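Engineer: turn this into a structure:
(one chain, ligands or ions: 1)
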Amino acid sequence: MENHQPNNERAQWGSRLGFILAAAGSAVGLGNLWKFPYITYENGGGAFVLVYLAAIVLVGAPIMLGEILLGRRTQLGPVGAFRFLGRDRPGGRAWVGVGILGVVTGFVILSYYSVVAGWTLRYIVLALSGKLAPLADDPAALQTFFGTFLSNPWQQTFFHLSFMAATVGVVYFGVGHGIERAAKVLMPILFVILLALLFYVVWTPGFPRAVAFIFRPNFSELTRGGVLEALGHSFFTLSLGMGAMLTYGSYMKKRTSIPKAALTVCVLDTVIAVMACIIMFSIIFSFDIQTTKSSTILFTTLPVVFFKLPGGAVISALFYVLVAFAALTSTISLLEVVASYAIDELGWARRKATLIMGGSIALFGILNALSLGSVDSLSKINLIGRPSTAGVFGTLDYLASNWFLPVGGFLIALFVGWLLTKNETLQELEMGHGRMKTFGVWRFLIRFAAPLAVGAIIVSVILGAEYQ
Ligand code: TRP
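Structural biologist: Got it, this is the predicted structure:
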């Protein structure tokens, strides 16, 4: 239900839970289910996970509070929020640039994210039609299948456009009837599937080894590149740095507590990422499988092992539905940033904004869908990742993840920490919350820890040394 406050035309979440599920939906996505398990695998497990957890607490969570605060205070999207709050402060109108960067970043990320999300649709069809089982019997055949699929321009375009259509279909109906309602249906299903899969893997022989791998830190495995990768990922996985959380915060009621909501979202995101690791590693460690191309685990390794276990057909179908749902609640948030820009700043009606912006992103994304020549090019794809030469796809991803998000996050932290007054931030964070005992800690983190850590990512990218 969209409630309108007096004198306020802006749509709002129907409830506190509505915001939490929508924001958790944005955060939980391919980053959790695809990227996190495989970078954890590549970085040797435990120690990397610890650094990642520290990054979430010391950098991610404080910036999330900062973003939501900016949105809720102004009831505007990133462009409007920075224009309004930047006006009488140092930098003035130049701050609008941070908002515009956010909208552009949303456009760019969505244009390739939905290509990968589209693959899950292909695999759902495959699993349900019974064709995955014979492929899974023969790892080489599955590799070939996946390679052929990637280099098939029609299929890539078709599944990308299908995923974009689903995304547009939700955002079209607005904040309450579209986004919130979708999140309220999809997120509980997602959580139930995850719990079911977790319950299932507890009985597999690989489970103890998986738990040890994830929770027993071995610091000799940790590299400088790994630390930076963990830091960068904490941004991507929490949907920070481009105004997605800011936009969702702008629909939040004044009587909702920002600190509690943000904390819940961070905890849900982290718990789900760790659950995904336990599930995937238990299954992989149950068999003696060498995963060399770890970035394709989801599509070339997992099916093989799914079918070695009882109930493989059901497990694999459930799994890809899970990934598709997680991705959909993320693509929704990316489109909402771009669409709400057109609504707020260009004065378009929501339906027009969603169709035109969604349509443009879909068309632009076809370039990405067509740039995936082979499985080899895929090894260069990273949702946040290394410098890549994988065509348009890799270049855009590299730009967005390594430049746009960190730079956006850095500027957001500076703005909230140094340009807003202590009282402004205190007032907004305590509104709907009561006295915030950890305010001092938060303020310290957003003024010092977050800019320093994010600055380190940026400097390392400039020096080109980020992931050896
Ligand atoms: N957080 C999502 C994931 O982990 C991706 C995502 C959605 C995102 N919206 C975002 C990333 C905004 C950065 C910014 O898959």
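Engineer: gap between F159 and F325?
Structural biologist: F159 sits 16 Å away from F325, going by CB to CB, to the nearest Å. For the C-beta atoms, the positions are set from N, CA and C on the backbone; glycine is no exception.
Engineer: more neighbours: which of the two?
Structural biologist: F159 (24 against 21; other CB atoms under 10 Å).
Engineer: so the nearest residue to the more buried one once chain neighbours are set aside is in which element?
Structural biologist: Nearest non-adjacent residue to F159, counting by CB to CB, 6 or more residues apart in numbering: G118, 3.2 Å away. Using DSSP states H and E, G118 falls within helix 96-128.
Engineer: buried set for that helix?
Structural biologist: If you call a residue buried by 16 or more other CB atoms under 10 Å, then helix 96-128 has these buried ones: 96, 98-124, 126-127.
Engineer: what about the ligand: which of those touch it?
Structural biologist: Residues of the buried residues of helix 96-128 in contact with the ligand (CB under 6 Å from any ligand atom): I109.
Engineer: sorry, back to before: and the helix holding G118, average pLDDT?
Structural biologist: What helix 96-128 shows for mean pLDDT is 95.
Engineer: what is the helix or strand just after that helix packed up against?
Structural biologist: Using DSSP H and E, the helix or strand that directly follows helix 96-128 along the chain is helix 132-136. For helix 132-136, the elements it packs on are helix 96-128, helix 139-150, helix 302-306, helix 312-345, judged by 3 or more CB pairs under 8 Å, 6 or more residues apart in numbering; DSSP states H and E.
Engineer: what angle separates the longest one from helix 96-128?
Structural biologist: Using axes from the mean of the first three to the mean of the last three CA atoms, to 10 degrees, one finds that helix 312-345 and helix 96-128 are set 150 degrees apart in direction.
Engineer: ok now do whatever residue of the stretch 301-450 of the chain ends up closest to the ligand, which residues does it touch?
Structural biologist: Residue nearest to the ligand within the stretch 301-450 of the chain: S330 (3.8 Å; CB to the nearest ligand atom). Counting by CB atoms under 8 Å, 6 or more residues apart in numbering, S330 makes contact with 25-31, 113, 239.
Engineer: at 10 Å what do you get?
Structural biologist: 25-32, 109-110, 113-114, 117, 167, 237, 239, 244 (CB atoms under 10 Å, 6 or more residues apart in numbering).
Engineer: residues contacting the residue lying closest to I278 once chain neighbours are set aside?
Structural biologist: Counting by CB to CB, 6+ apart, I278 lies nearest to A210, which is 5.5 Å off, once chain neighbours are set aside. Neighbour list for A210: 45, 201, 204, 277-286 [criterion: CB under 10 Å, 6+ apart].
Engineer: give me the element A210 is part of.
Structural biologist: helix 207-215.
Engineer: does the ligand have contacts with the helix or strand that that helix is followed by?
Structural biologist: Where DSSP H and E defines the elements, the next helix or strand beyond helix 207-215 is helix 224-237. Yes. Applying CB under 6 Å from any ligand atom, one finds helix 224-237 in contact with the ligand at 236-237.
Engineer: measure how helix 224-237 sits relative to helix 312-345, angle-wise.
Structural biologist: 70 degrees.
Engineer: now the following helix or strand past helix 224-237 - C-alpha only, PDB.
Structural biologist: As assigned by DSSP H and E, the chain's next helix or strand after helix 224-237 is helix 244-249. The C-alpha trace of helix 244-249 is given here as PDB (Å, rounded to 0.1, in the frame of the first residue of the first chain):
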ATOM      1  CA  ALA A 244      20.400   2.500  -4.400                       C
ATOM      2  CA  MET A 245      20.100   2.500  -0.600                       C
ATOM      3  CA  LEU A 246      19.700   6.300  -0.700                       C
ATOM      4  CA  THR A 247      16.700   5.900  -3.000                       C
ATOM      5  CA  TYR A 248      15.100   3.200  -1.000                       C
ATOM      6  CA  GLY A 249      15.700   5.300   2.100                       C
END
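Engineer: what residue ranges in the stretch 51-200 of the chain score low on pLDDT?
Structural biologist: Nowhere does the stretch 51-200 of the chain drop to pLDDT under 70.
Engineer: list the buried residues for the helix or strand hosting V459?
Structural biologist: Element membership for V459 (DSSP H and E) is helix 450-462. By neighbour count on 16+ other CB under 10 Å, the buried set for helix 450-462 is 450-451, 453-454, 457-458, 460-461.
Engineer: CA atoms only: put it into PDB for me.
Structural biologist: Once non-C-alpha atoms are left out, helix 450-462 reads as follows in PDB (Å, rounded to 0.1, in the frame of the first residue of the first chain):
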ATOM      1  CA  ALA A 450      35.300   4.400   5.700                       C
ATOM      2  CA  PRO A 451      37.100   7.100   3.600                       C
ATOM      3  CA  LEU A 452      40.500   5.700   4.400                       C
ATOM      4  CA  ALA A 453      39.600   2.100   3.500                       C
ATOM      5  CA  VAL A 454      37.700   3.100   0.300                       C
ATOM      6  CA  GLY A 455      40.500   5.500  -0.500                       C
ATOM      7  CA  ALA A 456      42.900   2.600  -0.300                       C
ATOM      8  CA  ILE A 457      40.800   0.700  -2.900                       C
ATOM      9  CA  ILE A 458      40.900   3.700  -5.200                       C
ATOM     10  CA  VAL A 459      44.600   4.300  -4.800                       C
ATOM     11  CA  SER A 460      45.400   0.700  -5.400                       C
ATOM     12  CA  VAL A 461      43.300   0.700  -8.600                       C
ATOM     13  CA  ILE A 462      45.200   3.800  -9.800                       C
END
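Engineer: mean confidence score for it?
Structural biologist: Helix 450-462 shows a mean pLDDT of 89.
Engineer: so what's the backbone phi/psi at the closest residue to S111 other than its chain neighbours?
Structural biologist: The shortest distance from S111 to any non-neighbouring residue, by CB to CB, 6+ apart, is to G365 (3.8 Å). Phi and psi for G365, reported as degrees, to the nearest 10, are phi -60, psi -20.
Engineer: let's have the chain start at 7 instead
Structural biologist: With the count now opening at 7, the last piece we talked about shows up as G371.
Engineer: which bits of the stretch 357-474 of the chain sit near the ligand?
Structural biologist: For the stretch 357-474 of the chain, the residues in contact with the ligand (CB under 6 Å from any ligand atom) are L411.
Engineer: pLDDT below threshold where in the stretch 357-474 of the chain?
Structural biologist: 379-400, 471-474.
Engineer: redo the helices and strands packed on helix 138-142 as a markdown table? Include distance to W424.
Structural biologist: Output for those, formatted as a markdown table (distance: least, CB to CB, whole Å):
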| stretch | distance to W424 |
| --- | --- |
| helix 102-134 | 14 |
| helix 145-156 | 45 |
| helix 308-312 | 45 |
| helix 318-351 | 24 |
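Engineer: sorry, back to before: out of the contacts of A216, give me the one that has the most neighbours.
Structural biologist: With neighbours taken as other CB under 10 Å, the top of those is M286, carrying 28 neighbours.
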